[in-house]
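Enquirer: Please find the sequence and the predicted model below.
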Amino acid sequence: MVEANQSEDSIVCYAPTMITTNGIWQGDNPLDYSLPLFILQLTLVVVVTRIMVYILKPFHQPRVISEIVGGILLGPSVLGRSKVFADTIFPLRSVMVLETMANVGLLYFLFLVGVEMDISVIKRTGRKSLAIAVAGMILPFIFGVGFSFLLDTKKEGMSQGTYILFLGVALSVTAFPVLARILAELKLISTELGRIAMSSALINDMCAWILLALAIALAENQSTSLASLWVVLSSIAFILVCIYIVRPAIAWMIRRTPEGETFSEFYICLILTGVMISGFITDAIGTHSVFGAFLFGLIIPNGPLGVTLIEKLEDFVSGLLLPLYFAISGLRTDVGKIAGARSWGFLGLIILLSGVGKIVGTLIVSIFYQMPVREGITLGLLMNTKGLVEMIILNVGKDQKVLDDKSFAAMVIVAVVVTAIITPAVTVIYRPARRFIPYKRRTIQRSKPDAEFRVLVCVHTPRNVPTIINLLEASNPTKKSPICVYVLHLVELTGRASAMLIVHNTRKSGRPALNRTQAQSDHIINAFENYEQHAGFVTVQPLTAISPYSTMHEDICNLAEDKRAAFIIIPFHKQQTVDGGMEATNPAFRMINQNVLANSPCSVGILVDRGLNGSTRLAANQVAHHVAVLFFGGPDDREALAYGWRMCEHPGINLTVMRFVPGEEAIDTAAGSTNELGDSRILSVVTDTDRDRQLDEEYANEFRMRNANDESVVYIEKLVNNGEETVAAIRSIDSSHDLFIVGRGQGMISPLTAGLTDWSECPELGAIGDLLASSDFAATVSVLVVQQYVGLGPQGEGIGTPDSPGDSNDLQFGNMNRRPSPQPRGYSP
């Protein structure tokens, strides 16, 4: 928008017939017509926004920032400085269409925000959240009052009070949807701090809406105070109609729809039209149309209807239409208007004081409630999140001529800067105390036979649950050694608010699930709780981890350490198809598994799920499985044997341990291959192998001695010379077993698996694990591939434990693959 377009009184001529073009071959310029021009503008806005999202992603910036910055780029501050660009792409005659569409987008977006908000949370929040919300509003509001006298650019005929209200509200607001996203990225959403921040932001948002409604009512009627009174009264009437007439009608619709059925198209259409009508009414009353939409969203009961609406609208509204609104804000922002050092100084001061005001207010309350100072400062920073509501306030203020160009540009920059600082600042200030908890029982082999056995089970979908429950049942929970299971449902954090809801909504039993993710979570939790009730000596704790797949392993490893687990069970990334083959479900799962193997603080088992038949049994003691442990030697195999040993004490388990012993030909090849490795490695490899062999021998013999009289345990030693004989030996026993437990065998150079690794699809399973998991192997046998936790390496450096900063996964895998020499194996961290 160039200077000519800026004047308040410019007269714009519209040609009502110039909607669609006759085509360039007729000599028409498509940009002279409103539809092609609008399509171009929309495309440009979405593309620029997406590029900004991509650029700012590494800096962990919320999407709102990218959208506002994208708008500013297109506006008179950057690209719009070129007169040609401004006149061609954003001519003044196109603004009407653009703003209308942007406001439609805004209407529906705020409707969705209303649907997602759970007012019952506000009722349940304690005084602490309320106090923090109020304190976080009062101080910045006071600062806003101060600034309103300093900036003093109000127009004639407008009271100081209105100006104060606008500036105060704009400075004191907290954006709830943006905050939720930031908390999730910082992995704070399920912490106490996260809960307080979320509920305070909700309360703050509500107050901001009420104040904004007041500000608009006052701004539109400068002359008569009576008109303002009518606006307020009719708004209250509208709210009452919504609550007492519209809400019961929607509840009736929900009752008419059987549970689990989709809502009829007619109902959805009615509700979507309702959004428009509410917008029209509130606009006619004299408040802004977005209030109607927001209120209409709030009265929709939480549950399947809300989810259906969110799923139908969210991507279209927030992906396509909403960026238009930010683009409009950007087109109105002319940074050039803030000229001179004094103006920029003022700007800095506003940014500083509005931020500090919130932090100080929040800090005072948090100290009063005896929270640590760091947490108080963090909360204050989080409450500074600005977003959509802030932009609406500013735009309305500009429309009502409360704010001039200079104040508007200044406030937009304040919003961007303050929100952009939050994530980096919180990361620096607030480091939840990650205590390195020393605990010895990090492996099954080291776990005491008469102590609690702690397992962390990770689940992506309900599909793996039956097999995992049967596996846990087979793990022999007894009075002497009960099993404590932590069930972690892994959910990907997407930008969509519907994924966030699952945490935010503290579920009450019996309430319908809010969305598919939560429905899955419920299925998983119910299955495990059901198992806990029917099985003896098992305790189950359900948890949910919501984070991007790239950092999910941190959640898993940190939780395992916090809960002092001895074993983590993660599902393999492939699942069985109907015809018995294996297909990959989600490539990201594989990455998570690899990262967990590299960084785990305890032993890990990857479960290749082909059904552990037993799901039809009625009572817990009727479980009957044939389990085979394949023992080649090395720490992983000893761990696999330790798990098998724990299982074989269960009355319903038959255990076969097949130990592979190298024949005479095999030993020669091993010696030959060792020499090829180069002199420096020979000695270490040989001594490691000898030490491991001795440990294998001792452990295997102890196992044989203890279980000599047990009829359910079969111990076989197989002499094999090479990989082919090994495969043949495994094939000979595959059909009669339900579960194979094998070691991952990392770092072990064994002639018995020679040649098997050349063809492996999934090296993270090791040679034997990969062979058993491949599609051409037994179709009915599940496989558990075990990796033992090794502790510290020979120089005392951590091998990719969560506390040792690994540079990259490859590096950590490098470390992992070279097993440390086992001298410090007696070391208990």
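Expert: In hand now; what should we look at?
Enquirer: where exactly do the strands run in the stretch 401-550 of the chain?
Expert: 453-459, 483-492, 538-547 (DSSP state E, counting those that start in this stretch).
Enquirer: Most tightly packed of those strands?
Expert: Stretch with highest mean neighbour count among the strands of the stretch 401-550 of the chain: strand 453-459 (a mean of 25; mean count of other Cβ atoms under 10 Å). Yep, even glycine has a C-beta here, placed from its N, CA and C like the rest.
Enquirer: who does it pair up with?
Expert: Here strand 453-459 is paired, per DSSP bridges, with strand 483-492 (parallel), strand 567-571 (parallel).
Enquirer: quick one, it and strand 538-547 angle?
Expert: 40 degrees (axes from the mean of the first three to the mean of the last three Cα atoms, to 10 degrees).
Enquirer: For strand 453-459, give the mean pLDDT please.
Expert: Averaged across strand 453-459, pLDDT comes to 92.
Enquirer: Can you tell me what sits against it?
Expert: The contact list for strand 453-459 (Cβ atoms under 8 Å, 6 or more residues apart in numbering) reads 441, 444, 447, 465, 468, 472, 475, 477, 481-490, 524, 556, 559-560, 563-571, 596, 646.
Enquirer: Narrow these to those that are buried.
Expert: 441, 444, 447, 465, 468, 472, 475, 477, 481, 483-490, 524, 556, 559-560, 563-571, 596, 646 (16 or more other Cβ atoms under 10 Å).
Enquirer: and of the strands paired with strand 453-459, who's closest to Ala409?
Expert: Of all the strands paired with strand 453-459, it is strand 483-492 that lies closest to Ala409, at 37.9 Å by Cβ to Cβ.
Enquirer: Report how many residues lie close to Arg127.
Expert: 9 (other Cβ atoms under 10 Å).
Enquirer: which residues does it contact?
Expert: Not one residue lies near Arg127 by Cβ under 8 Å, 6+ apart.
Enquirer: one step back: okay if I get the strands paired with strand 453-459 as CSV plus mean pLDDT?
Expert: Formatted as CSV, the strands paired with strand 453-459 follow (pLDDT from 0 to 100):
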stretch, mean pLDDT
strand 483-492, 88
strand 567-571, 93
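Enquirer: So which of those is nearest Thr539?
Expert: strand 483-492 (5.0 Å).
Enquirer: next one: that closest one to chain centre, how far?
Expert: Put simply, strand 483-492 sits 15 Å off its chain's centre (Cα atoms, centre = their mean, to the nearest Å).
Enquirer: rewinding a little: would you reformat the strands of the stretch 401-550 of the chain as TSV and include distance to Asp32?
Expert: TSV is the format used below for the strands of the stretch 401-550 of the chain (distance: least, Cβ to Cβ, whole Å):
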stretch	distance to Asp32
strand 453-459	58
strand 483-492	46
strand 538-547	49
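Enquirer: Between those, which one is closest to Val608.
Expert: For the strands of the stretch 401-550 of the chain, proximity to Val608 was assessed by Cβ to Cβ; strand 453-459 is nearest, at 14.3 Å.
Enquirer: and that closest one, how far from the chain's centre?
Expert: 21 Å.
Enquirer: can you pull out the helices in the stretch 501-650 of the chain?
Expert: Using DSSP state H, counting those that start in this stretch, the helices of the stretch 501-650 of the chain run over 516-534, 552-562, 587-599, 635-648.
Enquirer: Residues contacting the second one, please?
Expert: The one in question is helix 552-562. 187, 434, 436-437, 456, 458, 486, 488, 490, 492, 543, 545, 547, 565, 568, 570, 592, 595-596, 598-602, 801-802.
Enquirer: redo that, cut-off 7 Å
Expert: Helix 552-562 is contacted from outside by 187, 437, 456, 458, 486, 488, 490, 543, 545, 547, 568, 592, 595-596, 599-602, 802, using Cβ atoms under 7 Å, 6 or more residues apart in numbering.
Enquirer: quick one: buried residues of it?
Expert: Met552, His553, Glu554, Asp555, Ile556, Cys557, Asn558, Leu559, Ala560, Glu561.
Enquirer: would you turn the residues you listed into JSON lines with pLDDT and distance to Cys207?
Expert: Formatted as JSON lines, the buried residues of helix 552-562 follow (pLDDT from 0 to 100; distance: Cβ to Cβ, whole Å):
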{"residue": "Met552", "pLDDT": "86", "distance to Cys207": "36"}
{"residue": "His553", "pLDDT": "89", "distance to Cys207": "40"}
{"residue": "Glu554", "pLDDT": "85", "distance to Cys207": "36"}
{"residue": "Asp555", "pLDDT": "84", "distance to Cys207": "34"}
{"residue": "Ile556", "pLDDT": "89", "distance to Cys207": "39"}
{"residue": "Cys557", "pLDDT": "88", "distance to Cys207": "40"}
{"residue": "Asn558", "pLDDT": "84", "distance to Cys207": "36"}
{"residue": "Leu559", "pLDDT": "86", "distance to Cys207": "36"}
{"residue": "Ala560", "pLDDT": "88", "distance to Cys207": "41"}
{"residue": "Glu561", "pLDDT": "84", "distance to Cys207": "40"}
